[in-house]
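> have a look at this prediction, sequence included:
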Amino acid sequence: QVQLVESGGGLVQAGGSLRLSCAASGRSFSSYSMGWFRQAPGKERELVAAIRSTGSITYYADSVKGRFAISRANAKNTVYLQMNSLKPEDTAVYYCAAVGGPITIATMAIPSTYNYWGQGTQVTVSS
């Protein structure tokens, strides 16, 4: 069983930065692939970024490429999402998700791929 707790959300002006953190409980954090999803009001949950259990392969949605960076610190059981050059359209609730083992390009963007979810953290970007 894995429990995920996100932190770091808040209100920021357009062009600003935030760093989200997701702390995981449980064993073998390094064996889990991790994803950051977001969901805006009235929209479906979408993958923002993912990182494989090996930590060497990452994936980004086109809308955040070059602005966001996902990373993990296995010794701290934590995955991060550094968000730079934020835009009002980045406003959403951001969720951390985990699944045991590696993920594939074909499945990493599908929410049902992930077994564990955090409670979410609100990110609001003002114009």
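Sure, I can see it.
> which stretches of the chain have low pLDDT?
55 (pLDDT under 70).
> what residues of the helix or strand containing residue 21 count as buried?
Residue 21 is part of strand 18-24, with elements assigned from DSSP states H and E. Neighbour counts over strand 18-24 (16 or more other C-beta atoms under 10 Å) mark 18, 20, 21, 22, 23, 24 as buried. C-beta here means a position set from N, CA and C on the backbone, and glycine is covered the same way.
> each with direction, which strands does that strand pair with?
Take DSSP bridges as the rule and strand 18-24 pairs in its sheet with strand 4-7 (antiparallel), strand 78-83 (antiparallel).
> buried residues, the helix or strand following it. List them.
Next along the chain after strand 18-24, taking DSSP H and E as the criterion, comes strand 32-39. Burial within strand 32-39, assessed by neighbour count using 16+ other C-beta under 10 Å, is assigned to 32, 33, 34, 35, 36, 37, 38.
> and the following helix or strand past strand 32-39, what does it pack against?
For strand 32-39, the following helix or strand on the C-terminal side (DSSP H and E) is strand 46-51. The contact analysis (3 or more C-beta pairs under 8 Å, 6 or more residues apart in numbering; DSSP states H and E) places strand 46-51 against strand 32-39, strand 58-60, strand 68-73, strand 78-83.
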